[in-house]
Each structure stands twice: as structure tokens, then as C-alpha cells.
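Chemist: only geometry, no sequence info:
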């Protein structure tokens, strides 16, 4: 019953009704940024699309699935208990770390990928998990750390073995997991009133920062010996 | 904007950008895996300091290569790959040679399938 209500709420007045809009703004930000950069600068870079296009495209898609969940958490920051807080910190930290690290490691090597993955994972995990006390923060740190290492490790070990196929599979699984988190937050807060009503400026800024750093690292960042 | 309009816009954006990347992502086909009638360049790789030895190999362009992984090479190191040239072969024993012909000059990284051991192929 609740799931049907959740689906119905995707077109409603609560923050869940803005999830699709958040995905849209996040994707739009990433694609405009990448297209502008491509036509003004990166077009002249030899083999830019065959080498990096796929990973940047999936990085943009991944950030578009993570930012709506963060926005949803921010809307109910005080109405969540410790247990959902742990789940929020863990899911966002793990997936943000895993995905961002995966794409960077696929082009730059495990060291750079791990540093970036851990930074993004821990930062977003703690930021989201802090809504619900120290347990959420702890989970954010641990999951960000684990995901930030696991993503690059997976990418690096599959470099010569269908890495693009696994990137698609990883992205699909992550999207399903994030959708589960969106539903869980709705289920936990359906009786709660929305605390924070904010526009999409936050989504645009967060996406811009993430995609800009990812692009810079993938195109110009330091690389392991195997990529030199 | 309605959710349905948003979803359609998202789909179109993904299709456009994804399609653009897909149609511009042709892999370089710089080698063939067939040995020509010319004499092959014979290379034998072993293991030293937890890496391939030698790990810098100089080859001549358009001349077939016959690469052997000797008995000291084990585990994932037996799966020899040169990603840029599309070479990926698992050699069970030193008798199973890895054969290819580099058709483009340049420096290419080679590695085992997991990236644990690596080195450079310099094609001149």
C-alpha cells in the first residue's frame, strides 16, 4: 500500500513530488557543463570521447540519481530516527563513493580514484547522515570510506575485462538502491511535515561541483603508471 | 512542468548525449592477430620484483610479434593485455604464444588482466 502511495506522491506536493524535477535539473547542469566544455576546449583533445566520454556520461547520470536523495533527506532532517539515519548515511556514502571512485579509477588508476571516491563518499555520507545523530555520521564515514575504496578497486581489476558492461550494471543496481532509499525516507516521514522548502539552487551547485571536479580529474588529473 | 514532461525530457537528454558518445566511441583497431609471413619478433617475459621483466619492450611496426610468458609467470600475470591495441590473451603455459602485429607507432601500456603487473610497448 505504502509503495503505491509513494508512486502517487511522485506527482504530489511533498518533496517526493520534486524528485523527478531534481533529476532533470541535475542532468541538465551536468550536460550543459560538459557540452560547453566539449565545444570550447575538449573537442581538440585527441580521443576525448572514446577515452573519457563514457565515464563522464555515467558520472553525470550517477550524480543525477544521488542528488535527489540528498535533497529529500534535507527536507526532513529532524523527523528521522537513528536507524533510518544510519541507512541514509550508509547508502549515500557507499554509492557516492563507489560510483565516483569507479569512474575516476577507470581512467586515472586506483590511487586517484580511491582518494576522490573516499572524499566524495565520506563528505556526502556524513552530510546526509548527520540529520539523525552520531550513528548516521559514523555510517557515512565508514560507508564512504568502504565505497570509495571498493569502486576504484573494482574498476581497476576489470580494466581489461568488460569494464563498460560492468559500469552499466553497477549504475543500474545503484539506481535501484537509491530508489529504495527514496521510498524508505518517504515511508519514515509520511506522517511528518516537510521542514525545509528549498529551490533547486542546491541541486545545481552540488551537481556542478561534482561534475567539474570529476571532469578535471578524468581529463587532466594525475594518473597511475599503467595509464601513462 | 509536469512529471511526465520531465521524464520525457530526461529520456531525450540521455538518448541525445548517450547516442553522441556511442557514435563517437569507435575503438582503435590498430592490430591484427594474424602472423604474417615475415619473421616474428620473439619476446620472452618473466617476473622480477613482482612485475613483468623486462617491462619495457621495443618492437618494430608492421612486423609480427611472438610473445612468450615463461614458467616464472603465474596467476593473473598469465593474462596478457594491451588495451590500446585490443590484445587480450590468457596463456596457460609457455608453449602457448601470444601473437600479434603492431600496425601503429607509439607507446602502449601492457598489463595483466587485473593491472597488477604492467609495462610499456614501444612500437617504432
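Modeler: Structure's in. What do you need? Since the model is a prediction, treat every value here as computed from it, not as a measurement.
Chemist: for residue B:122, give me phi and psi.
Modeler: Backbone torsions of residue B:122, given as degrees, to the nearest 10, read phi -110, psi 110.
Chemist: same thing with residue B:61?
Modeler: The phi and psi values for residue B:61, taken as degrees, to the nearest 10, are phi -70, psi 150.
Chemist: and it, what pLDDT?
Modeler: We have a pLDDT of 90 for residue B:61.
Chemist: ok, the one 10 residues further on next?
Modeler: The model reports residue B:71 with a pLDDT of 89.
Chemist: just residue A:181 next, same as before
Modeler: 93.
Chemist: not counting its neighbours along the chain, what's nearest it?
Modeler: residue A:91 (4.7 Å; C-beta to C-beta, 6 or more residues apart in numbering or on different chains). In this view, the C-beta of every residue, glycine as well, is placed from N, C-alpha and C.
Chemist: which SSE is that neighbour in?
Modeler: helix A:82-108 (DSSP states H and E).
Chemist: give the residue spans of the chain that score low on pLDDT.
Modeler: Here I'm looking at chain A. A:1, A:160, A:225-226, A:228 (pLDDT under 70).
Chemist: can you look at chain B instead?
Modeler: In chain B, residues with pLDDT under 70: B:1, B:26-38.
Chemist: and the helix or strand hosting residue A:20, what does it pack against?
Modeler: Assigning secondary structure by DSSP H and E places residue A:20 in helix A:19-40. When contacts are defined as 3 or more C-beta pairs under 8 Å, 6 or more residues apart in numbering or on different chains; DSSP states H and E, helix A:19-40 packs onto helix A:54-75, helix A:201-220, helix B:3-23.
Chemist: I figured residue B:98 hits residue B:67, correct?
Modeler: Yes. Contact status for residue B:98 versus residue B:67: in contact at 4.2 Å, counting by C-beta atoms under 8 Å.
Chemist: I figured residue A:111 hits residue A:223, correct?
Modeler: No. Applying C-beta under 8 Å as the test, residue A:111 and residue A:223 come out as separate, 9.0 Å apart.
Chemist: check which helices and strands the helix or strand harbouring residue B:111 sits against.
Modeler: Per DSSP H and E: residue B:111 is located in strand B:106-112. The contact analysis (3+ C-beta pairs under 8 Å, 6+ apart) places strand B:106-112 against strand B:79-82, strand B:118-123.
Chemist: so who does residue 20 touch?
Modeler: No chain in the question, so chain A it is. Residue A:20 makes contacts with A:10, B:3, B:6, B:7, B:10, as judged by C-beta atoms under 8 Å, 6 or more residues apart in numbering or on different chains.
Chemist: think we crossed wires, I meant chain B
Modeler: residue A:49.
Chemist: now with 7 Å?
Modeler: Residues counted as contacts of residue B:20 (C-beta atoms under 7 Å, 6 or more residues apart in numbering or on different chains): none.
Chemist: is it true that residue B:88 lies in a strand?
Modeler: Yes. Assignment of residue B:88 by DSSP: H, G, I helix; E, B strand; the rest coil places it within a strand.
Chemist: in this structure it contacts residue B:100, no?
Modeler: No. Between residue B:88 and residue B:100 there is no contact under C-beta atoms under 7 Å: 10.3 Å.
Chemist: okay, these two: which has more neighbours?
Modeler: residue B:100 (24 against 14; other C-beta atoms under 10 Å in any protein chain shown).
Chemist: that one sits in which helix or strand?
Modeler: Using DSSP H and E, residue B:100 falls in strand B:98-102.
Chemist: up against chain A, what does chain B have?
Modeler: Contact residues, chain B versus chain A (C-beta under 7 Å from any C-beta of the partner chain): B:3, B:6-7, B:9-10, B:13, B:17-18, B:21, B:24-27, B:81, B:83, B:88, B:109, B:111, B:113-115, B:118.
Chemist: sorry, back to before: what does the strand holding residue B:111 contact?
Modeler: Residues contacting strand B:106-112 (C-beta under 7 Å, 6+ apart): A:160, A:226-227, B:76-77, B:79-82, B:84-85, B:117-123.
Chemist: note down every partner strand of it and its orientation.
Modeler: Strand pairing for strand B:106-112, determined by DSSP bridges: strand B:79-82 (antiparallel), strand B:118-123 (antiparallel).
Chemist: what's the most buried one of the ones you listed?
Modeler: strand B:79-82 (a mean of 22; mean count of other C-beta atoms under 10 Å in any protein chain shown).
Chemist: ok, the closest residue to residue A:34 other than its chain neighbours - contacts?
Modeler: Closest residue in space to residue A:34, ignoring its immediate chain neighbours: residue A:56 at 6.0 Å, by C-beta to C-beta, 6+ apart. The neighbourhood of residue A:56, defined by C-beta under 7 Å, 6+ apart, consists of A:34, A:215, A:218.
Chemist: from residue A:190, how far off is the residue lying closest to the second one once chain neighbours are set aside?
Modeler: The reference is to residue A:215. Distances taken as C-beta to C-beta, 6+ apart put residue A:56 closest to residue A:215, at 6.2 Å, once the chain neighbours are dropped. Applying C-beta to C-beta, to the nearest Å, the value for residue A:56 to residue A:190 is 37 Å.
Chemist: just residue B:112 next, same as before
Modeler: Taking C-beta to C-beta, one finds residue B:112 at 52 Å from residue A:190.
Chemist: more crowded one of these two?
Modeler: residue B:112 (22 against 14).
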